[in-house]
Structures are given as C-alpha cells and as structure tokens.
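> okay, structure incoming, though there's no sequence with it:
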C-alpha cells in the first residue's frame, strides 16, 4: 500500500478531481470490501490459509481471461479445507482500515446510506462487521454454504446474466439509482471487480490497481490511501451537522 497523502501532479488532474467531488452531501455511498475495508484481500487470505494449492491455477485462468470471476471463485471455494467456525474465527481477526469506522459513523450522522458491494464471500464480510458492531450495514455479496457432503459451495444471488465482467455480484446493477436526476452516488474501491461500476458512478475514490486502471482508461477518480481520507473529503468538518 502506498503511504502518505495522495498527490495530484498537475492542474488538469486537480480539475478532474474537483469535478468528481459531490457539490453537496452524497445521497449514498457504496464500498468494496476485499482490500478496501480490509487491508488485504480477505478472500485471497482464506484461500492462502485453507485451500488446496490448485486455487492458484484457477486464479491464473481468470487473470488470463479464460474464465469469468464467477467460475473462478466457485472453483476456488470448492478447494477450501476448513469448516464454517474456522473461517469465521479467521475472518474476524483480519485487519481493517480503521478509517472504515470513521466513514460509517459520518454516513450515519448525515443519514447517508452506506452499502457494501462485494464480489467476495458473505461469511467473511459478516464476521468482520460482527467484530466491529456493524452488522446493521447493508451487504451484497456471494453466498457461502456447506452442502450435504460437508463441502463448501458458493452461490451468486446478485449475479446478472448480462453483467459485462461475469462477476458473481453485479455491482453495476446494485448501484444503479432509481432516479438518476437527483442521485449523487459515491463509489469506493481498489481492484478489478470495481472497474465496470467505476465507469458508471458520479464520484469514484480509487486506490491500488483500480486507481491505475482509472488513470490508464481515462476514468476520473479521486486517489486515496485510507478511508479516513475519504470520510474527510465527503464530510469535511465545517460542513457536518453539529
């Protein structure tokens, strides 16, 4: 992870970033989970710890474009050698960006809905939220369960057949406003699963490979390192309700 305050290098970048900042309080905030709320990719951490080595082969096939992310993740989950309680305990101890707590608090104070949209695993998201007393947050993610044979399997309740990226959780559909004329949505992400939706959002905060992708493809974004920075940009102290 890059350290320090994001630097905007020229006047053009400053103007682009300014255009992407909402002029008033956002109507909703959507946030990725793996690598954005957690400081590392929670799904990859679980696979590293508990899956058979073949999970990397499926990862390579996805990266090369041979399979969709939905098929990749489904195959990888089948390789996990751990029970539900073990995964919950492991996930609950994953480090998070402490600015996440600040951001959700600021959203609550300003009555701005905060929604987690993840192409990862619901069990991991819930374990992290439970640890920090945030189970009330809205979450959309892939569903992990164990079948009758005691093997983990994944289902995709928020997939869309028309999804351009073939994701298990179609973030574009979940973030589509009911009334685009009055919507001021904000999206926060860090990786490949955030690319498609970032091209459709009014304001995008990006770090990691998402930031690189946005810069390469010309998608305006606001770079960030921590969610505390995002909270301060969206809800500056002088504009908050006392």
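Yep, it's here. Given the structure is predicted, the values throughout are model-derived calculations rather than measurements. Residues are numbered from 1 along each chain as shown.

> and the most far-flung residue of the chain relative to its centre, what does it touch?
Centroid-distance maximum for the chain: residue 149 at 31.3 Å, with CA atoms, centre = their mean. Shown in contact with residue 149 (CB atoms under 8 Å, 6 or more residues apart in numbering): no residues. In this view, the C-beta of every residue, glycine as well, is placed from N, C-alpha and C.

> helix or strand with the lowest mean pLDDT in this protein?
Of all the helices and strands that make up the chain, helix 11-20 has the lowest average by mean pLDDT, DSSP states H and E, namely a mean of 44.

> C-terminal to that one, what's the next element?
Proceeding C-terminally, helix 11-20 gives way to strand 28-31 as the next helix or strand, assigned by DSSP states H and E.

> parallel or antiparallel, list what pairs with that next one.
When sheet partners are counted by DSSP bridges, strand 28-31 sits next to strand 114-121 (parallel), strand 185-189 (parallel).

> can you check the pLDDT for the spatially most central residue of the chain?
In the chain, the residue lying closest to the centroid (CA atoms, centre = their mean) is residue 32, at 1.0 Å. Per-residue confidence (pLDDT) for residue 32: 97.

> where in the protein is pLDDT low?
Under the criterion pLDDT under 70, the flagged ranges of the chain are 1-24, 238-242.

> hmm, 50 instead?
Judged by pLDDT under 50, the chain has its weakly predicted residues at 1-19, 242.

> what about the strands in it?
With DSSP state E as the definition, the chain shows strands at residue ranges 28-31, 114-121, 138-146, 152-155, 185-189, 203-206, 222-223.

> packing partners for the longest one?
Meaning strand 138-146. The elements that strand 138-146 packs onto, with contact taken as 3 or more CB pairs under 8 Å, 6 or more residues apart in numbering; DSSP states H and E, are strand 114-121, helix 122-131, strand 152-155.

> as JSON lines, these with distance to residue 210 and mean neighbour count would be great.
As requested, these are arranged in JSON lines below (distance: least, CB to CB, whole Å; neighbours: other CB atoms under 10 Å):
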{"stretch": "strand 114-121", "distance to residue 210": "13", "mean neighbour count": "24"}
{"stretch": "helix 122-131", "distance to residue 210": "19", "mean neighbour count": "20"}
{"stretch": "strand 152-155", "distance to residue 210": "23", "mean neighbour count": "17"}
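
> I'm done for today, thanks for sticking with me.
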